[in-house]
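Chemist: Pasting the sequence and the predicted model now:
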Amino acid sequence: MATQPRLKLALIGLGRLGAIRARILAFQQPRIDLVAACDTKPGSDEWAAANLPPSIKFFADPEDCMKNSGAEAVLISTATATHALLVIQGLDLGLHVMCEKPISVDVITTEEVLAKAASKPHLKFLVPFSRRYDDSYRAAKQMVENGSLGQIHAVETSCLDQQDPTGFFVTFSAQSGGIFVDMGVHDIDVGRYFLDVKSGLSNPKKQVNRVIAMGQQAVYGDLSKHGDCDNGWGLVEFANGKVLTTHVGRTLTNGFEGMTRVCGTKGHSVVNGNSTINRVEVRDSHGVRTITTPDAFVLYDKSFINDLAEFASAILDNEPLTCYPEDAYEAAKIATALQYSFRNGVPVYFDDNGLPIMEIAK
Ligand SMILES: NC(=O)c1ccc[n+]([C@@H]2O[C@H](COP(=O)([O-])OP(=O)(O)OC[C@H]3O[C@@H](n4cnc5c(N)ncnc54)[C@H](O)[C@@H]3O)[C@@H](O)[C@H]2O)c1
């Protein structure tokens, strides 16, 4: 019997998400052969030796890894500020690239990466947005598409991380681009996913009219050093008149909550309206309690499997992708505009080329 071809892939970045990806790649991807893992952080080699099969080579240098591991594809799971250089290096070396969101912390660099990817049409480039690979979001999307909710006119989301007493989010902020760029980009993508933002446009280049954001440092005061907040609110008016509102936060005390309400003229659909981890209740002297899902990695655990499986099928069988570079670009423009709006206390309008008008920097 002929053996099925498997994709030789290298993983770069073994942090919070990278460690999850490494285990999925090593043990839960029948069509992927994880050939190498790489991280520049001292001690990562020991983590890899203790947690991954010995056949997987460890590299401390990403370029060395991409050149010498025998990989045909690379997953970049490093800090956001390092993505662009690594994506471009990977594509230039002839590798298919999957990169965690967002591509970059600014619009100009995102454009450079997309231009590089467009210049290599024979290579797959995937920036997966987790919600699009989640069964519940896919079910809601079906309702939107079959018309059972009527005309979809607005989306409301919240994405609220659990408070971290170590202050991880403060150091993370230095390289993440800020809460709207790092976390809000998921919610913006959800809005784009459900709101049919390319329909009803008089100028197809311009998908957004304006955005405005506000924020607070309710718990982590040091975030102000990075122009960041621990609770942010964003309002996006798309050019087709549809509206997205989002609340992103890092200060919830019970766990993680990530809710989406799709508002239609015949009905609303609410995804993850209840953040309990299972259906078990404790009934005691405090009342009726449930345990909350601790973080996004647990809530979207299957998404991190589904997107990798899709990436492998796209390369091995030329199957279509769920997310295209354009989605990452459009979401990045909105996220950057919201971060700018929060930092400068102004609304941001979009020009006729579809670019946010930001005086200081994109
Ligand atoms: N899709 C999602 O839901 C989701 C969830 C979490 C994180 N992310 C994204 O994944 C990326 C990683 O996030 P994280 O939370 O794991 O961050 P992290 O800070 O925990 O880990 C990043 C790792 O990358 C390593 N690294 C940094 N620069 C490197 C380089 N040049 N070469 C090799 N290794 C390098 C660091 O040493 C660290 O171990 C971020 O871009 C983040 O936005 C996506």
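Modeler: On my side now, so go ahead.
Chemist: From here on, just use CA atoms for contacts and neighbour counts.
Modeler: Will do.
Chemist: I'd say Ser176 and Asp182 touch.
Modeler: Yes - using Cα atoms under 8 Å, Ser176 is in contact with Asp182, at 5.6 Å.
Chemist: Would you mind listing what in the stretch 51-200 of the chain touches the ligand?
Modeler: Contacts of the stretch 51-200 of the chain with the ligand, taken as Cα under 6 Å from any ligand atom, map to Pro62, Ser77, Thr78, Ala79, Thr80, Thr82, Glu100, Lys101, Pro102, Phe129, Ser130, Asp182.
Chemist: Just among the residues you listed, which is most surrounded?
Modeler: Greatest neighbour count in those, by other Cα atoms under 10 Å, goes to Pro102: 28 neighbours.
Chemist: confidence score at it?
Modeler: Pro102 carries a pLDDT value of 94.
Chemist: for it, what are its contacts?
Modeler: The neighbourhood of Pro102, defined by Cα atoms under 8 Å, 6 or more residues apart in numbering, consists of Thr80, Val127, Val181, Asp182, Val185, Ala328, Ala332.
Chemist: Cross those against helices and list the overlap.
Modeler: Among the contacts of Pro102, the members falling in helices (DSSP state H) are Val185, Ala328, Ala332.
Chemist: out of those residues, who has the most neighbours?
Modeler: Most neighbours among these, by other Cα under 10 Å: Ala332, with 29 neighbours.
Chemist: Is it correct that it is in contact with Val181?
Modeler: Yes - with contact defined as Cα under 8 Å, Ala332 reaches Val181; the gap is 7.0 Å.
Chemist: Most proximal residue of the stretch 151-300 of the chain with respect to the ligand?
Modeler: Taking Cα to the nearest ligand atom as the measure, the stretch 151-300 of the chain has Asp182 as its residue closest to the ligand, at 5.4 Å.
Chemist: residues near Pro165, how many?
Modeler: Here the count is done by other Cα under 10 Å, and Pro165 has 10 residues near it.
Chemist: Specify the residue ranges that define each domain of this structure.
Modeler: When the chain is parsed with automatic domain parsing, its domains come out as 7-127, 131-300+326-349.
Chemist: Spatially central residue for the chain, please.
Modeler: By Cα atoms, centre = their mean, the chain has its centre lying nearest to Lys101, at 3.9 Å.
Chemist: Could I get the full set of helices for the protein?
Modeler: 16-27, 44-51, 62-68, 83-92, 107-118, 135-146, 168-176, 179, 185-194, 296-299, 303-317, 325-344.
Chemist: is the longest one up against the ligand anywhere?
Modeler: Going back to what we said before, that points to helix 325-344. No - residues of helix 325-344 are not located near the ligand by Cα under 6 Å from any ligand atom, the shortest gap being 11.9 Å.
Chemist: still on that earlier bit, could you export the domains of the chain to JSON lines, including columns for distance to Glu310?
Modeler: Shown next, in JSON lines, are those (distance: least, Cα to Cα, whole Å):
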{"stretch": "domain 7-127", "distance to Glu310": "10"}
{"stretch": "domain 131-300+326-349", "distance to Glu310": "9"}
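Chemist: Return the residues in contact with the residue of the chain most remote from its centre.
Modeler: Farthest-out residue of the chain from its mean C-alpha position, per Cα atoms, centre = their mean: Ser285, at 40.2 Å. Ser285 makes contact with no residue under the criterion Cα under 8 Å, 6+ apart.
Chemist: Also the one 3 residues further on?
Modeler: Listed by Cα under 8 Å, 6+ apart, the contact set of Val288 reads Glu281, Val282.
Chemist: What's the separation between it and Gly184?
Modeler: To Gly184, Val288 is 32 Å away according to Cα to Cα, to the nearest Å.
Chemist: With Gly264 instead?
Modeler: Going from Gly264 to Gly184 by Cα to Cα gives 22 Å.
Chemist: Between those two, which is the more surrounded one?
Modeler: Applying other Cα under 10 Å to Gly264 and Gly184 shows that Gly184 carries more neighbours, namely 29 against 18.
Chemist: Touching, that one and Val248? I think so.
Modeler: Yes - the pair Gly184 / Val248 is scored as a contact, 6.3 Å apart, by Cα under 8 Å.
Chemist: Show me which of the ones in helices among the contacts of Pro102 is closest to Ser55.
Modeler: When the ones in helices among the contacts of Pro102 are compared for distance to Ser55 (Cα to Cα), Ala328 wins out at 33.8 Å.
Chemist: Thank you, goodbye.
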